[in-house]
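>>> Return a 3D structure for these sequence lines:
(one chain, ligands or ions: 2)
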Amino acid sequence: TRVQDIELFRVRLDLVHEFTTSSHAKRSLEHILVALTATDGSVGWGEIASPSGPFYSAETVESCWAVARDHLAPIVLRTDWDHPATLAAALAKVRGNHFARAGFDVAAWSLWSSARGVPLARALGGTRATVEAGVSLGIEPTIDDLLAQVGPRVAEGYRRIKLKIAPGWDVEPVRAVRSAFPEVPLHVDANGAYTVADEPVMRKLDAFGLLMIEQPYAPRALTDHADLQARLGTPICLDESVEEADDLLTALRLGAGRVLNIKVSRMAGLTAAVRAHDLAAEHGMPVWCGGMHEFGIGRAANVALSALPGFTLPSDVSGSDKYYARDITAPIVSAGGLVEVSTDPGLGRTPDLDLVQAHTTGRWHSRT
Ligand code: OSB
Ligand code: MG
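Residues are numbered from 1 along each chain as shown. Ligands and ions are numbered 1, 2, ... in the order given. Purely as a prediction, here's the structure:
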């Protein structure tokens with residue numbers, strides 16, 4: 001396969017509800033859509049889902065735009081590939097910049113699977129017809145505001161509720177949600193906001209029967225995570241700590257966690273995400289698919305990935321309506337906490353170009 005035409009669209013959408021984590025708050029997101037067209041006319045779409053600011057990872061929309069335009073697009077235009085993994089290996093000459101690389105890797109997978117008439121999920125090794133959806137809820141001004149967010153999501157049938165926590169917003173909100181919804185599978189995500197000095201907070205959280213505590217400590221603090229895991233009953237789930245398959249091997253060797261959140265963006269694409277899934281499965285580690293508030297393109301890729309057999313925990317693949325009044329693709333729908341895996345060839349979603357046009361803040365085009 002040879003790509004002869006690349007288009008990048010910066011697209012801004014407002015969130016239906018402001019989302020706050022331990023590191024930042026956001027009301028709208030600007031993601032970059034990547035369209036690749038091959039010499040035979042086949043097309044693939046991907047999404048660069050970086051947050052605007054460098055608070056989840058070091059990347060920003062601006063850094064992704066520059067790296068995509070100046071470094072990744074030229075590699076794509078000069079590489080012949082017979083499988084998306086070949087292109088991903090060429091893109092890996094660029095160090096880091098995983099969100100930017102992921103947009104091109106997903107576009108390559110969607111082009112490749114649609115050209116072969118195979119659903120993306122099947123091309124990746126997926127076996128499920130539906131995937132279980134969880135929901136991720138941000139930090140709210142008050143506990144009552146939080147309970148008002150949780151109630152409708154439980155009623156909609158989401159299979160697991162994840163609460164963002166931060167120092168000062170942890171034990172009390174968890175206690176309140178636990179007592180209002182005693183049966184709901186619950187987990188917390190700190191986005192690395194705590195240190196070893198906060199171990200007493202972790203011990204308190206350990207008493208609520210949580211499914212997992214996600215990324216309590218800083219991304220590179222793997223030995224601290226290992227020490228904590230040895231002293232907690234609740235499984236620790238790693239997110240920011242695992243950007244490469246090698247990070248996962250280090251975490252497994254150290255015992256730094258018992259669950260892995262696999263994000264397509266953080267891992268640099270579907271190629272690396274599948275490898276992380278396979279490695280985790282070899283080690284008996286359950287995984288689930290995390291999200292970055294993707295639009296329909298990135299979200300469809302997350303659903304396809306979640307169809308792989310090792311994804312045994314509910315994924316952050318909530319319906320489009322949880323995020324956007326109107327998604328740029330046909331909406332992703334969660335019904336009773338289940339999302340259908342597309343059986344159409346390729347990604348199973350294409351952007352509505354009029355909507356993309358209406359929300360575009362920047363555009364770039366290159367061809368050979
Ligand atoms: O840590 O999982 C995270 C959103 C932005 C940045 C980091 C995270 C998240 C989420 C949202 O939890 C998951 C989703 O897409 O619903
Ligand atoms: Mg997380």
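
>>> who in the stretch 51-200 of the chain is up against ligand 1?
By C-beta under 6 Å from any ligand atom, the residues of the stretch 51-200 of the chain that approach ligand 1 are Y56, S136, D189, N191. For glycine as for every other residue, the C-beta is placed from the backbone atoms N, C-alpha and C.

>>> count of neighbours near the residue in the chain that ligand 2 sits nearest to?
The minimum distance from the chain to ligand 2, using C-beta to the ion, falls at D239 (3.6 Å). Residues lying near D239 (other C-beta atoms under 10 Å) number 22.

>>> picking up where we left off before, among the residues of the stretch 51-200 of the chain next to ligand 1, who's most crowded?
Scoring those on neighbours with other C-beta under 10 Å, the highest-scoring entry is D189 at 26 neighbours.

>>> contacting residues around that residue?
T21, S136, K162, L163, K164, I165, E214, Q215, D239 (C-beta atoms under 8 Å, 6 or more residues apart in numbering).

>>> Check the spacing between the last one and ligand 1 real quick.
With the distance defined as C-beta to the nearest ligand atom, to the nearest Å, D239 ends up 5 Å from ligand 1.

>>> Hmm, that residue is touching E214, no?
Yes: assessed by C-beta atoms under 8 Å, D239 is found in contact with E214 at 5.6 Å.

>>> Who are the contact partners of the most centrally placed residue in the chain?
Nearest to the mean C-alpha position of the chain, by C-alpha atoms, centre = their mean, lies G291 at 2.7 Å. G291 makes contact with S136, K263, G298, R299, N302, S315, D316, V317, S318 under the criterion C-beta under 8 Å, 6+ apart.

>>> so what pLDDT did the nearest residue to P219 once chain neighbours are set aside get?
Excluding its sequence neighbours, the residue lying closest to P219 (C-beta to C-beta, 6 or more residues apart in numbering) is E240, at 4.0 Å. On the pLDDT scale, E240 is placed at 98.

>>> quick one: strands adjacent to the longest strand seen in the chain?
If you go by DSSP state E, the chain has its longest strand at strand 3-20. Strand 3-20 sits in its sheet next to strand 25-38 (antiparallel), strand 360-367 (antiparallel), going by DSSP bridges.

>>> of all the ones you listed, which lies closest to V341?
When the strands paired with strand 3-20 are compared by C-beta to C-beta, strand 25-38 sits nearest V341, at 21.8 Å.

>>> so where do the strands sit in the stretch 251-368 of the chain?
Taking DSSP state E, counting those that start in this stretch, the strands of the stretch 251-368 of the chain run over residues 259-262, 287-289, 334-335, 338-340, 360-367.

>>> which of the residues of the stretch 51-200 of the chain next to ligand 1 sit farthest apart?
Checking those with C-beta to C-beta, the most distant pair is Y56 and S136, at 12.7 Å.
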